[in-house]
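Undergrad: here is my input; please provide its structure:
(2 chains)
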Amino acid sequence: QKEVEQDPGPLSVPEGAIVSLNCTYSNSAFQYFMWYRQYSRKGPELLMYTYSSGNKEDGRFTAQVDKSSKYISLFIRDSQPSDSATYLCAMRGGSSNTGKLIFGQGTTLQVKP
Amino acid sequence: NAGVTQTPKFRVLKTGQSMTLLCAQDMNHEYMYWYRQDPGMGLRLIHYSVGEGTTAKGEVPDGYNVSRLKKQNFLLGLESAAPSQTSVYFCASSYVAGVGKTQYFGPGTRLLVL
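TA: Numbers count the residues shown, from 1 in each chain, chains lettered A, B, ... in the order given. The predicted structure is shown next:
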């Protein structure tokens, strides 16, 4: 069983839809949770960063962490065609002194005009 | 700032050939990482370095070697390339691990081994 599970999709939605992307994990030591966005043939770029449990909002994006369920989510409101990309969740433990991240497989999202 | 850069962008190798991928960062980051990305597998850590002159194995280190002679550079070597090493390789860097510190990625190197 992988430490981090993420449905690879693809997920196709119409423009303006609310998108929900999710990851589950098994290691209760994870404390830092990230979402990266990766456009086709580009490197991943950090989108959202959350420490421990709770919500974080940035414009149209909201990241949620539920440590009791070992479940994290990324919500995209009013989705745009420019949001079409692969979204990778990543996480690491709080005591890590190497900064190593564990990544999900990535979910491919297509937003249709 | 250029951020994280990778050289070359694309390369074709024959089985058994060797090559070195170069990663450079101008953010004065201590930590650097090499990943490979394959369809359905996500990003897998090959090797990493927590400072100049130090390296360590990641999740999939076999068939690769690395060196970090200068803080800003992290080299990934393939001594004898195999078709299984066909992949997209990403380098990343970060400040020392801590709250708010995360990894910045380069644009990737696409490698095809025939």
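Undergrad: B:Leu75 contacts B:Cys23, correct?
TA: Yes. At 7.2 Å, B:Leu75 counts as touching B:Cys23 under the criterion of Cβ atoms under 8 Å. Any C-beta I mention is one placed from the backbone N, CA and C, and that applies to glycine too.
Undergrad: the two: which is more packed in?
TA: Counted by other Cβ atoms under 10 Å in any protein chain shown, B:Leu75 and B:Cys23 do not tie: B:Cys23 has more neighbours, with 25 against 18.
Undergrad: secondary structure element holding that one?
TA: Using DSSP states H and E, B:Cys23 falls within strand B:19-25.
Undergrad: what residues sit buried inside that strand?
TA: Within strand B:19-25, the residues that count as buried by 16 or more other Cβ atoms under 10 Å in any protein chain shown are B:19, B:21, B:23-25.
Undergrad: tell me the one among these nearest to chain A.
TA: Nearest to chain A out of the buried residues of strand B:19-25 is B:Cys23 (Cβ to the nearest Cβ; 11.1 Å).
Undergrad: give me the spatial nearest neighbour of that closest one, chain neighbours excluded.
TA: B:Cys91 (3.3 Å; Cβ to Cβ, 6 or more residues apart in numbering or on different chains).
Undergrad: how much space between the one you found and B:Ser67?
TA: Distance of B:Cys91 to B:Ser67, given as Cβ to Cβ, to the nearest Å: 13 Å.
Undergrad: compare neighbour counts for those two and give me the winner.
TA: B:Cys91 (30 against 15).
Undergrad: identify the bridge partners of the more buried one.
TA: Per DSSP bridges, the residues bridged to B:Cys91 are B:Trp34.
Undergrad: hmm, A:Leu47 and B:Thr102 touching each other?
TA: No. In this structure, B:Thr102 is not within contact of A:Leu47 by Cβ under 8 Å, at 10.6 Å.
Undergrad: pLDDT weak spots in chain B?
TA: For chain B, the stretches with pLDDT under 70 are B:97-101.
Undergrad: near chain A, which residues of it show up?
TA: Contact residues, chain B versus chain A (Cβ under 8 Å from any Cβ of the partner chain): B:4, B:31, B:33, B:40-45, B:48, B:50, B:56, B:58, B:90, B:94, B:96-97, B:99-108.
Undergrad: which of these count as buried?
TA: B:4, B:31, B:33, B:42-45, B:48, B:50, B:58, B:90, B:94, B:97, B:102-106, B:108.
Undergrad: which of the residues in stretch B:51-61 are buried?
TA: Result for stretch B:51-61 [16+ other Cβ under 10 Å]: buried residues B:55, B:58, B:60-61.
Undergrad: stretch A:39-47 too?
TA: Applying 16+ other Cβ under 10 Å to stretch A:39-47 flags A:43-44, A:47 as buried.
Undergrad: from those, pick the one nearest chain B.
TA: Out of the buried residues of stretch A:39-47, the member with the shortest distance to chain B (by Cβ to the nearest Cβ) is A:Gly43, at 3.7 Å.
Undergrad: grab the nearest non-local neighbour of that closest one.
TA: Nearest to A:Gly43 is B:Phe105, by Cβ to Cβ, 6+ apart, at 3.7 Å.
Undergrad: so what's the one you found bridging to?
TA: Those that pair with B:Phe105 in a beta bridge, by DSSP bridges, are B:Ala92.
Undergrad: contact partners for it?
TA: Shown in contact with B:Phe105 (Cβ atoms under 8 Å, 6 or more residues apart in numbering or on different chains): A:36, A:43-45, B:4, B:90-92.
Undergrad: now do it against A:Ser79, distance only.
TA: Distance, B:Phe105 to A:Ser79, by Cβ to Cβ: 23 Å.
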